[in-house]
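Chemist: Need coordinates for the below:
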Amino acid sequence: MTRATTVRAVLAAAVLLVSVLITLTMSPRLGLDLQGGTRMVLQAEDSGTAKADRESTDRTLEVLRKRIDSLGVTEPALTRSGEDRIIVELPDVQDPRKAADVIGRTAQLTFHAVQGPGAPTGAGRALPDEQGRTLALGPAAITGAGVKEASAAFDAQQGAGWTVSLDFHKDAGRAWTRLTGDAACHPVHDERRRVAIVLDEQVISSPQVSPTVACGTGLPSGSTQITGSFSAGEARELALLIQGGALPVPVEIVEQRTVGPTLGAAAIDASARAALIGAAATALFITVVYRLFGALAAVALGAYGVISYAALVALGVTLTLPGLAGFVLAVGMAVDANVLVFERAREEHALRPRRSLNTSLTAGFRQAWSAVADSNVTTLIAAGLLFLLGSGPVKGFGVTLGIGVLASMFSALVIARVLTETAARSRFVSDYRGVNGIASPGRVRTWIARRDPRLMRSPRRWLLISTVLIAVAVAGILVRGVNLGVEFTGGRLVEYATSRPVDVERARTALAGAGFGDAEVTTAGAGDISVRTAGLDNHGEHALRAALAEEGGETTKVRDELIGPSLGDELRRNALIALAIAVLVQLGYLAVRFRWTFAVASVGALVHDVIILVGAFAWLGRTVDGIFLAALLTVIGYSVNDSVVVFDRVRELWAKARRQPLADVANRAVLQTVPRTVNTGMGALFILVALAVLGGDSLADFALALLIGIVVGTYSSVMTAVPAALLLERGSRTPPPPARAPRGKPGAGRRDPLDNGARV
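Modeler: The predicted structure is shown next:
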């Protein structure tokens, strides 16, 4: 074992050991779509007295934290997003009505002197009290910011029942003493002896100052109690509202998502089954194709799974449903680097069959490095764009995909290399071609060498086929239209499970009778009912569920998505920006790494893939939402990944044969990379088919989008990008790449890698 192999082995063992320890001792942080709960996005807005900036939003967040803590929710999470948005995550909260009512109260909490019944005098206002009688209120004497603490307690000693205790900060406490001292100067049954507590233009309590309080004396702030015929719930709610205080700026709920715990658990189980079956199929496939070295790569694939999972857990990444899908997808993509290396090793061994197997394998790793690096960088660019420009679960998918790409490179270039180089030094493995999987050219390569098709003889023919495909996709977009999800249009989408089967027509009739005639009712999943409508608040959703329960019996909410119209417009605009940035970034990277003609051709191919994928979803009537956007950006990365591998080979061959026509060079490059393209695509397809079939309804559209995208992307990277580059090169005056110095002995020519050296 060489020193380099020893260093790689020690590094691999250390990383694996740490990863196993993390896996056994730490638990993953599950997103709400996997553990169940409610997620809200609050938009801070300017008020007459304050601007919704970073500072006021942070103060608002702290007030909301107090309110939510009082709800008793287990491990709630509140974070600021950008300058003026707050993300609230409430695990296990399935009915967001009460939470939305509490955290969404936006007006100033204020304390007022009661001037008596009827209209106010001066700068006061008139509001109904708890019994509906109109009270004239004086100006605000104290705001909610002055409240230090409010708590509910049962007073068994005094027999007062449930009471609410108040404590104020220093200045507010003095104002409270003055306010209650002035009220105590009026007779016991006079309305002016009351103090009104107002929130959201509603009097939430108007207690009377006790007869024991003397005029001008007032109540000390630390021992004030509000008594009355409170139930336990009423006392706690009043304390909660007072304790929550005032929000520095108003907030509006622009997004709300609720997922039932059963749906999350089912998604985890389905994804786990898909991962196991898909990974097993992928491992079996590469073992059949590459024999012993394929089996060793499968072992490295298992190590990749442990490393990437440990990285997600150690970094505290919240694992969402799309993120889980990204983790599973990266298993298929992890095979790519191994396939690139093994195919290059096969070519090197065919060029010099007398060289040792280990020398060919080392040359394969060295020759494949450029393509591996470039293809993975393009995928990382897509993952970075998902994280920067996506929202909610889409960000989680971007993080998971990025970690997966890095872990896959480590498993392929370090772990798999250690295992295969160690095996290659074995005489038994070296001598028997049927065992190692590299000494033989492989069935695909042999078939191509025998047929030697001239694919690039007429590049315009392939571009015509691509043009026809684009025309069909555009026709679908124009004729059928794109079915945008509520994420892009705004509105509410709720999915229910009923104890009795309910067909769509009965459900639509029941909802129309309850006043929801404009609701769009469809089936979802195994007999579930999906309802989509606009302008439905939480109380309206409760009424809608009650109407559906009359037909279907016990009705359980499985999923609930609410997107405000302003946020829908913003997300739709951001989606278009994300696609534009993705195209420009990939164009810039490829222009730097390759020729401008190759870069433009690659970007043209990915635009071709985007249009066809959107058109396919339009023809199928599938929903285009944030998860579809994640799939679309992933397809962009995959499409460029394939194009990079092909153009990397074109660049290499053209540098060695500058006088040959570029069409011939490109044809050879395409034929040489076909085995890699086929084998890598098969590895990803196994995973995606498993996700589509076993991943459940939540991942069906995601897996379908990636299946279509990978098939189309594999085609376009060869049959669209290469012909386009050939036509661009004909009109370009850019000189070909410089020739490389030949390796080996002077005058030693290099045979075509498709030539296995056999002669008859």
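Chemist: got a list of contacts for the helix or strand containing residue 7?
Modeler: Under the criterion of DSSP states H and E, residue 7 resides in helix 3-25. Under the contact criterion C-beta atoms under 8 Å, 6 or more residues apart in numbering, helix 3-25 has outside partners 1, 303, 306-307, 309-311, 313-314, 410, 414-415, 417-418, 421-422. Just so you know, the C-beta spots here come from the backbone N, C-alpha and C atoms, and that holds for glycine as well.
Chemist: ok, 10 Å please
Modeler: By C-beta atoms under 10 Å, 6 or more residues apart in numbering, the residues outside helix 3-25 that reach it are 1-2, 300, 303-314, 358, 362, 407, 410-411, 413-419, 421-422, 425.
Chemist: What is the three-state secondary structure of residue 255?
Modeler: Judged by DSSP: H, G, I helix; E, B strand; the rest coil, the three-state class of residue 255 is strand.
Chemist: now the residue most central in space within the chain: how far from residue 627?
Modeler: With distances taken as C-alpha atoms, centre = their mean, residue 394 lies nearest the centre of the chain, 1.9 Å away. Using C-beta to C-beta, to the nearest Å, residue 394 is found at 7 Å from residue 627.
Chemist: got it, and residue 414?
Modeler: In terms of C-beta to C-beta, residue 414 sits 33 Å off from residue 627.
Chemist: The two: which has the busier surroundings?
Modeler: residue 627 (24 against 18; other C-beta atoms under 10 Å).
Chemist: Which of the helices or strands spans that one?
Modeler: Per DSSP H and E: residue 627 is located in helix 626-656.
Chemist: Please identify the buried residues of that helix?
Modeler: By 16 or more other C-beta atoms under 10 Å, the buried positions in helix 626-656 come out as 626-654.
Chemist: what's the answer for stretch 282-296, then?
Modeler: In stretch 282-296, counting by 16+ other C-beta under 10 Å, buried: 282-283, 285-287, 289-296.
Chemist: same thing with stretch 273-281?
Modeler: Judged by neighbour count using 16+ other C-beta under 10 Å, the buried positions of stretch 273-281 are 273-275, 277-279, 281.
Chemist: What of stretch 182-195?
Modeler: Going by neighbour count (16+ other C-beta under 10 Å), the buried part of stretch 182-195 is 182-184, 186, 191-195.
Chemist: so how far is it off the chain centroid?
Modeler: 58 Å (C-alpha atoms, centre = their mean, to the nearest Å).
Chemist: end-to-end on it?
Modeler: Counting by C-alpha to C-alpha, to the nearest Å, you get 10 Å between the two ends of stretch 182-195.
Chemist: Also stretch 425-442?
Modeler: Stretch 425-442 has an end-to-end distance of 21 Å (criterion: C-alpha to C-alpha).
Chemist: in that stretch, what's buried?
Modeler: Under 16+ other C-beta under 10 Å, the buried positions of stretch 425-442 are 425, 429-430, 433, 435-442.
Chemist: thought residue 52 was touching residue 60?
Modeler: Yes - judged on C-beta atoms under 10 Å, residue 52 makes contact with residue 60 at a distance of 8.4 Å.
Chemist: Give the residues shared as contacts by those two.
Modeler: In terms of C-beta under 10 Å, 6+ apart, residue 52 and residue 60 are both contacted by the residues 44, 84, 248-251.
Chemist: Would you reformat these as CSV and include secondary structure?
Modeler: Output for the shared contacts of residue 52 and residue 60, formatted as CSV (three-state DSSP):
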residue, secondary structure
44, strand
84, coil
248, coil
249, coil
250, coil
251, strand
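Chemist: Top of these by number of neighbours, please.
Modeler: Counting neighbours by other C-beta under 10 Å, the top entry in these is residue 44, with 29 neighbours.
Chemist: Could you spell out the sheet neighbours of the helix or strand where residue 495 lies, each with its direction?
Modeler: Using DSSP H and E, residue 495 falls within strand 491-498. Strand pairing for strand 491-498, determined by DSSP bridges: strand 528-533 (antiparallel), strand 555-563 (antiparallel).
Chemist: The longest one versus helix 626-656: what angle between them?
Modeler: Right, the one you point to is strand 555-563. Angle of strand 555-563 versus helix 626-656, following axes from the mean of the first three to the mean of the last three C-alpha atoms, to 10 degrees, is 60 degrees.
Chemist: ok, now the shortest one?
Modeler: Taking the same axes, to 10 degrees, one finds that strand 528-533 is oriented at 90 degrees with respect to helix 626-656.
Chemist: ok, back up a step: please render the buried residues of stretch 282-296 as TSV that adds pLDDT, distance to residue 556 and secondary structure to the earlier fields.
Modeler: Compiled in TSV, those are given as follows (pLDDT from 0 to 100; distance: C-beta to C-beta, whole Å; DSSP: H, G, I helix; E, B strand; the rest coil):
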residue	pLDDT	distance to residue 556	secondary structure
282	84	37	helix
283	86	39	helix
285	87	41	helix
286	88	43	helix
287	89	44	helix
289	86	47	helix
290	87	49	helix
291	87	51	helix
292	89	52	helix
293	89	51	helix
294	88	47	helix
295	91	46	helix
296	91	48	helix
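Chemist: which one of those residues is nearest residue 568?
Modeler: The closest of the buried residues of stretch 282-296 to residue 568 turns out to be residue 282 (C-beta to C-beta; 38.1 Å).
Chemist: how big is the angle separating whichever helix or strand comes after the helix holding residue 627 from helix 626-656?
Modeler: Where DSSP H and E defines the elements, the next helix or strand beyond helix 626-656 is helix 662-694. Relative orientation of helix 662-694 and helix 626-656, computed by the same axes, to 10 degrees: 150 degrees.
Chemist: buried sites along helix 662-694?
Modeler: For helix 662-694, a neighbour-count test (16+ other C-beta under 10 Å) marks 662-663, 665-677, 679-692, 694 as buried.
Chemist: Helices of the stretch 101-250 of the chain, residue ranges please.
Modeler: Per DSSP state H, counting those that start in this stretch, the stretch 101-250 of the chain carries helices over the ranges 170-183, 232-244.
Chemist: okay, those helices in TSV with mean pLDDT and distance to residue 571 next?
Modeler: Converted to TSV, the helices of the stretch 101-250 of the chain look like this (pLDDT from 0 to 100; distance: least, C-beta to C-beta, whole Å):
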stretch	mean pLDDT	distance to residue 571
helix 170-183	87	42
helix 232-244	74	30
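Chemist: want to throw those into JSON lines with distance to residue 125?
Modeler: Listed next are these as JSON lines, based on distance: least, C-beta to C-beta, whole Å:
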{"stretch": "helix 170-183", "distance to residue 125": "16"}
{"stretch": "helix 232-244", "distance to residue 125": "19"}
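Chemist: Ok, which of these comes nearest residue 203?
Modeler: With C-beta to C-beta as the measure, helix 232-244 is the member of the helices of the stretch 101-250 of the chain nearest residue 203 (11.6 Å).
Chemist: got the contact list for residue 161?
Modeler: By C-beta under 10 Å, 6+ apart, residue 161 lies in contact with 154-155, 227-232, 235.
Chemist: Inside strands: which ones of those?
Modeler: Here DSSP state E is the test, and these give 154-155, 227-230 as lying in strands.
Chemist: Let me know the closest of those residues to residue 65.
Modeler: residue 230 (25.2 Å).
Chemist: per-residue confidence at that closest one?
Modeler: Reading off the confidence values, residue 230 has pLDDT 74.
Chemist: thinking it is in contact with residue 237, fair?
Modeler: Yes - using C-beta under 10 Å, residue 230 is in contact with residue 237, at 9.3 Å.
Chemist: residues shared between the contacts of the two?
Modeler: Common contacts of residue 230 and residue 237, defined by C-beta under 10 Å, 6+ apart, comprise 152, 164.
Chemist: quick check, residue 599 in a strand?
Modeler: No - using three-state DSSP, the assignment for residue 599 is helix, not a strand.
Chemist: what's the neighbour count on it?
Modeler: 23.
Chemist: Do I have it right that it meets residue 588?
Modeler: Yes - between residue 599 and residue 588 there is a contact at 8.0 Å, judged by C-beta under 10 Å.
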